[in-house]
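Enquirer: return a 3D structure for these sequence lines:
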Amino acid sequence: MLFKDVMVDDSIKESLINLVKSNRVSHAQLFLCSPGNHSFALAVAYAQYLSCQNRGEHDSCGVCPSCLKFEKLSHPDFHLIFPNVAKNSNDKDYNSKKWLPEFREYVFENNYHISLNSWLKELGGENKQATINIRDCGNIVEQNSIRAYEGGYKIYLLWMVERLYHAAAPKLLKTLEEPENKTLFILMTENPDNILSTIKSRTQYIKIPPLSETTIAQHLQQELEVSEETARDIASISEGNYVKALTFAHDNKEQEEMLHYFECFFNGVLANDGKRPLNQVKFFEVRAVIEKIGKLGRESQKNFVQYMGRMLRNILLINTNNEALVKATHEERDLLNFYKTRVTVFNAKPLMEECNKAHYHIERNGNTSLIMTDMFLKMSTILAS
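Expert: Numbers count the residues shown, from 1 in each chain. Here you go, the predicted model:
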């Protein structure tokens, strides 16, 4: 992966290049990533540049033996560690190495535009708690005691390090603090608050901001040849996440389902205000939506709750004459305008708090049916007051 092919701000690339040129590469760096911003590609390009045998002023050469190995993600001194699960019920010794061929194929198929949600689907473990486990940490410690095969840096890329199993983390602490000479740890996260403070204190932070709507729209038009209006619509709702933008561009079915689920759910919330006859509440329709959401994977369930929060925020913005800040498609805007008087500065905060609580409990494997029903009743109470 060359820097020129990475979709991040040029200033971020230059800062990493300058670290290599000035020989100021910290042994442990924490990439604070925004979802879907090509940060994994950036980390690989950085590792490739550091290992390149004929690096240029602004990029790797791309043709030396080291670069050719990085192109296949097969450099012997470049170690990929990522969340994983058991391949079958009898697999008691699973780790990243066992999933490495599948992970490489997944990265290449998606042109480095990867996300935890889509990787979990590849694993068939969307409802499982994929982790970087103690066996992964043991492999790192063992490998770190061996000299680099090609005499350069040994580089460990821990993708989604927030998934590092807490019981396994202490095994890494000493290695992170006192690694062997010419060792680089690149830790990547989208949720730094979920990382142990003892891990964070041993790293240098590098913040990678989300992509701009303009950048996303331009790439969608260039790569997928979508219309300018469609590209703008998708960029508006993708929240700087190009992976999400690609999903919307390739298949808008999930977006349409989310909008339908939101409409059914919120209509039920509005009807259940204590002022209407019970036969107008239509809880059975809401119940049907909750059951459909319950059959989705955990990540999709969390996505719906986040979608609810985004829609509520947009309704509030319209109600407070801040429509320029609304992030929505044309179809969503029609529905938002219909609801614009129902979400106000007085009830918006408690409504969004219920979304946050639901997200928290779903993330911790709570019963989705009970969580969503509770959210429905709490929101109904808030809007009735």
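
Enquirer: how many residues are close by residue 124?
Expert: 10 (other Cβ atoms under 10 Å). The way it works is simple: take the backbone N, C-alpha and C, and place the C-beta from them, glycine included.

Enquirer: and the residue nearest to it when sequence neighbours are not counted, how far from residue 243?
Expert: What sits nearest to residue 124 in space, not counting adjacent residues and going by Cβ to Cβ, 6 or more residues apart in numbering, is residue 85, at 8.0 Å. As for residue 85, its distance to residue 243 is 21 Å (criterion: Cβ to Cβ, to the nearest Å).

Enquirer: contacting residues around residue 14?
Expert: Counting by Cβ atoms under 8 Å, 6 or more residues apart in numbering, residue 14 makes contact with residue 58.

Enquirer: pop the domain breakdown of this protein in here.
Expert: Following automatic domain parsing, the chain resolves into domains at 3-208, 211-250, 252-384.

Enquirer: ranges for the strands of the stretch 201-350 of the chain?
Expert: Under the criterion DSSP state E, counting those that start in this stretch, strands of the stretch 201-350 of the chain are mapped to 204-208.

Enquirer: which residues of it fall in helices?
Expert: For the stretch 201-350 of the chain, applying DSSP state H, counting those that start in this stretch gives helices covering 213-224, 228-237, 242-250, 253-271, 283-294, 298-319, 330-339, 348-363.

Enquirer: quick one: closest of the ones you listed to residue 94.
Expert: helix 298-319 (19.3 Å; Cβ to Cβ).

Enquirer: okay, angle between the closest one and helix 253-271 too, please.
Expert: Here the directions of helix 298-319 and helix 253-271 differ by 60 degrees (axes from the mean of the first three to the mean of the last three Cα atoms, to 10 degrees).

Enquirer: CA-only coordinates of helix 298-319 in CSV, if you can.
Expert: The C-alpha trace of helix 298-319 is given here as CSV (Å, rounded to 0.1, in the frame of the first residue of the first chain):
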residue,chain,number,x,y,z
ARG,A,298,-25.6,-7.2,17.4
GLU,A,299,-23.8,-4.7,15.3
SER,A,300,-26.9,-4.1,13.1
GLN,A,301,-29.0,-3.7,16.3
LYS,A,302,-26.5,-1.1,17.6
ASN,A,303,-26.6,0.6,14.1
PHE,A,304,-30.4,1.0,14.4
VAL,A,305,-30.2,2.6,17.8
GLN,A,306,-27.6,5.0,16.5
TYR,A,307,-29.8,5.7,13.5
MET,A,308,-32.6,6.5,15.9
GLY,A,309,-30.3,9.0,17.7
ARG,A,310,-29.2,10.6,14.4
MET,A,311,-32.8,11.0,13.2
LEU,A,312,-33.9,12.6,16.5
ARG,A,313,-31.0,15.0,16.3
ASN,A,314,-32.0,16.0,12.8
ILE,A,315,-35.6,16.6,13.8
LEU,A,316,-34.4,18.8,16.6
LEU,A,317,-32.2,20.8,14.2
ILE,A,318,-35.1,21.3,11.8
ASN,A,319,-37.4,22.4,14.7
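
Enquirer: okay if I get the helices of the stretch 201-350 of the chain as CSV plus mean neighbour count?
Expert: Listed next are the helices of the stretch 201-350 of the chain as CSV, based on neighbours: other Cβ atoms under 10 Å:
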stretch, mean neighbour count
helix 213-224, 17
helix 228-237, 19
helix 242-250, 21
helix 253-271, 18
helix 283-294, 16
helix 298-319, 21
helix 330-339, 16
helix 348-363, 17
